[in-house]
Each structure stands twice: as C-alpha cells, then as structure tokens.
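S.K.: any chance you can model this:
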Amino acid sequence: MLQRLSYRPPGRPFEPSLEPRRSIAVGDRTSPPAARPTRLSSPRSVTYKENYMKTQMHKKMLGLFGALLLIPILGWIDWQTGYKLNFFVFYFIPISITAWFFGIESAIIISIISSLVWFIADKLSGHTYSSNLYLVWNTSIRLVSFMIIGWSVSKVSFLFRSEEKKTEELQKALSEIKILEAFLSICCVCKKIRNEDGKWQQIETYISNHSETKFSHSYCPECAKKAMQEAGLIEK
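M.R.: Here you go, the predicted structure:
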C-alpha cells in the first residue's frame, strides 16, 4: 500500500499521510464496467400494461352498454315505421360489437334478443300474415343471419387477438436477445460473468436469468478423453 506525502509548511518536516490511496482491482482495470441491460419487467412497462388492460375493459363495457342500448332503439324504429320499411340489417351493429369484444356465446345471446325485439316490433306494427308460420319463419331467418354475423365477427376477433399475442411474444423474445447482445465482462480464468449489479455469476446462471435458455451439462470429446486419462481408465 502506497503512502501519499502531504504538503510541508515552512519549518515542519515531511509527514507521511496515513490516508491510503484507492487501489484498482485487476478485474476493474482489465475489464470495462458491465452494461446495464434494460429489464423486461420495469415499473414503466408494468404501469403501461395495467393502463392498457383498464382501457380495454372500459372499451368492452362501453361496447356492451352501447349494444344493449341500440337494440331497443332499433326495435322502437321498427315499430314506428311499420313493416313497409325494414331495418333488420342495423341489428348487425350491436351483434358485431358484442361478438368482437365478448365472443360467440355473448353474440348468440344478443342475436336471440335482437330476434325477439324484431318479432315484437313486427307484431305491434300491425303486420298481418295469413299464417303465423310466416312470422316464425321470418324471425328464424333473421336469427340465423344474426348468428352467422356473430360467428364471423368473433372468428375474426379471435384471429386478430392471436396475431396480437404472437407479436407481443416476438417482441419479448427480441428484447431478451437485445439483453444478451449487451457488452459483458467475463473472467478470463473461471469464465464467470459480471451482472448489472456488479456480482459475478456462472455463465449458465446469467444466461438463464436473462432468457428462457436451459442448460444440460456433458463432456465434449476432448474433455472426456482428458478426464478418462486422469482417472486412469485409458492411457495417455
């Protein structure tokens, strides 16, 4: 440990300072500081995900409320305009909204409600049929068309969400790859890696903590031959 000589005022001898100089470790001198990779579960990303989930929930609730409100409005319009003007195509709107956000089961329920509303509106409008079978037939045809629309929209919604999930998983994988692409400090003797906290870890531990990679240990041909020679199983 080196000692630092302090300033000597006039008339006083030199006095060695007992304050030690800061020594530089070999590892710090030979290897630059480890880069700090961006963590996947940062507070900002967690907050963004929570806000995104809340926004999606608000959209779902707003869509369901709009769909349930639109059906009686369409039924009232059907009743007021009578059977000469047909508005059954507009029932596709609440059915599509429900199918997109809640799936085929909810779309079927909304389809049945829409068919019943149309049935009641057509009945109250004074539309007379020679047989009630025609009214049942028309209602059934509308119910089938409503269900087909609900199934189609729910299928498109399912495919869209699947692609969105795959894209998110791909982005996560790319983020992990970027972490492993950071500059790493590795010991030239034991091959340990210094992490972002300044601690040294085995290379298997470091990679496993920063990715989904798992390790299985075995011998390469050269090391297997060397181990067998040291054990005396084969001659050198």
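
S.K.: what strand or helix carries the residue sitting nearest the centre point of the chain?
M.R.: Nearest to the geometric centre of the chain sits residue 168, at 5.0 Å (Cα atoms, centre = their mean). Counting by DSSP states H and E, the element that carries residue 168 is helix 132-180.

S.K.: output the lowest mean pLDDT helix or strand found in this structure.
M.R.: One helix or strand of the chain scores below all others by mean pLDDT, DSSP states H and E: helix 26-30, with a mean of 43.

S.K.: and the helix or strand following it, what does it pack onto?
M.R.: Scanning the chain past helix 26-30 towards its C-terminal end, the next helix or strand to appear is helix 43-81 (assignment: DSSP H and E). With contacts defined as 3 or more Cβ pairs under 8 Å, 6 or more residues apart in numbering; DSSP states H and E, the packing partners of helix 43-81 are helix 92-102, helix 104-124. To be clear about C-beta, it is placed using only N, CA and C from the backbone, and glycine gets the same treatment.

S.K.: from the chain's centre, how far out does helix 43-81 sit?
M.R.: Computed by Cα atoms, centre = their mean, to the nearest Å, the chain-centroid distance of helix 43-81 equals 22 Å.

S.K.: for stretch 163-170, same thing?
M.R.: For stretch 163-170, the distance to the chain centre is 7 Å (Cα atoms, centre = their mean).

S.K.: so which bits of stretch 124-143 are buried?
M.R.: Of the residues in stretch 124-143, those buried under the neighbour-count criterion (16 or more other Cβ atoms under 10 Å) are 125, 138-139, 142-143.

S.K.: now swap in stretch 201-219 and tell me
M.R.: Neighbour counts using 16+ other Cβ under 10 Å place 206-207, 210 of stretch 201-219 among the buried residues.

S.K.: can you give me the end-to-end distance of it?
M.R.: For stretch 201-219, the separation between the terminal residues is 21 Å (Cα to Cα, to the nearest Å).

S.K.: same check on stretch 100-108?
M.R.: Distance between the two ends of stretch 100-108: 12 Å, counting by Cα to Cα.

S.K.: and it, average pLDDT?
M.R.: The average pLDDT within stretch 100-108 is 90.

S.K.: contacts for it, please.
M.R.: Stretch 100-108 is contacted by residues 59-60, 63-64, 95, 98-99, 147, 150-151, 153-154, 156-158 when judged by Cβ atoms under 8 Å, 6 or more residues apart in numbering.

S.K.: and stretch 227-236, by the same measure?
M.R.: Among residues not part of stretch 227-236, those counted as contacts by Cβ under 8 Å, 6+ apart are 219, 225.

S.K.: min pLDDT across the buried residues of stretch 201-219, which one?
M.R.: Across these, the member with the lowest pLDDT is residue 210, scoring 72.
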